[in-house]
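Asker: Structure for the following, please:
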Amino acid sequence: MAIVYSITNQKGGVGKTTTALNLGVALAKEGKRVLLVDNDPQGNLTAALGYTPGEQKQNLSKLLLAAIDAPEDLELHFPRSILHTEGGVDLIPANGRLADAAARLQVMRLSQASQYHDKGESTCEVVMASVIDRLKGNYDYIVIDCGLKHELLTVNALAASDYCIVPVQAHFLASEGIPDVLGLVKSVRERFNPRLKVAGILLTMYQSRPQLCQSVRESVGEIYGQEYHVFERPIEQTIKVAECPAAGVSILDYAPRNPAAESYRSLAQEVLRLG
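Answerer: Residues are numbered from 1 along each chain as shown. Okay, here's the model as predicted:
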């Protein structure tokens, strides 16, 4: 059964999509069966793998709506909704239609009217889990890339996950957002998913020489290191990482000897050691 990871932070520009993509590819290169799930209406993960989000008619939105309206037919949608990419990972794509699914989930939350009930409570927060659970037998790892604007989509991802990884840009202002995401994780754990754990805090866009980055690394370790794991190797900031989305491939395929590629291989090894 697959182990499910969500990549999440409520701040933008911290490398969530880059981390989801490259962690997934790094795990695939270790011989693991990997599914990436684009859980962002912007479709950045879909685009980063070389697809045009708007052209993907079968996507995560279709699966979520099927899980709500016709769960008995959900299995029929999987073959058309999962893309087999050249990078060795499978992908459930997303585009702007995912915002419609998020709105539907919000209506469910407000109206408390759904066919999903647990002890009389609405379970709009676990619709994605009903999708992911049916795919676990086909993969070793499932990695969900979370967006920013639709918190209910992020809650759904966390409710479906075993672990979450919190990417944090190596900058003091970015690191200030850590308590918010940790608070959300705690809430989801208490209300919907008691198995959810924080796999670790991942420093991204790291430059080894500037004193500021080193100070942030030390600060994050001092503040959170006792309670949460901080991944051993920060993700190096290099121009090659920025070039990858245009090429539609991961840094491990675009520039396999780049320091950022080495960073993601290190991250994958830590993930593998978790189980």
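Asker: only C-alpha atoms for contact and neighbour calcs from this point on.
Answerer: Noted.
Asker: who touches residue 183 in this structure?
Answerer: By CA atoms under 8 Å, 6 or more residues apart in numbering, residue 183 lies in contact with nothing.
Asker: Give me the pLDDT for residue 222.
Answerer: Residue 222 carries a pLDDT score of 70 in this model.
Asker: oh sorry, the question was meant for residue 274
Answerer: 89.
Asker: neighbours of it, just the number please.
Answerer: 10 (other CA atoms under 10 Å).
Asker: Could I get the phi/psi values of it?
Answerer: phi -70, psi -20 (degrees, to the nearest 10).
Asker: which intervals of the stretch 1-150 of the chain have sub-threshold pLDDT?
Answerer: Low-confidence segments of the stretch 1-150 of the chain, defined by pLDDT under 70: 112-122.
Asker: for the nearest residue to residue 88 once chain neighbours are set aside, what are its contacts?
Answerer: Nearest-residue entry for residue 88: residue 28, 6.2 Å, with adjacent residues in sequence omitted and distances by CA to CA, 6 or more residues apart in numbering. Contact analysis of residue 28 by CA under 8 Å, 6+ apart lists 34, 88, 89.
Asker: show me where the stretch 101-250 of the chain has strands.
Answerer: 117-118, 121-122, 141-146, 163-169, 197-204 (DSSP state E, counting those that start in this stretch).
Asker: Ok, which of these comes nearest residue 67?
Answerer: Closest approach to residue 67 among the strands of the stretch 101-250 of the chain is made by strand 117-118 (13.4 Å; CA to CA).
Asker: And the helices in the stretch 1-150 of the chain?
Answerer: Secondary structure of the stretch 1-150 of the chain, counting by DSSP state H, counting those that start in this stretch: helices at 16-28, 44-48, 60-69, 74-81, 97-111, 127-133.
Asker: okay, the angle between the first one and strand 163-169?
Answerer: I take that to be helix 16-28. On the basis of axes from the mean of the first three to the mean of the last three CA atoms, to 10 degrees, helix 16-28 is oriented at 130 degrees to strand 163-169.
Asker: got it, and the fifth one?
Answerer: Angle of helix 97-111 versus strand 163-169, following the same axes, to 10 degrees, is 120 degrees.
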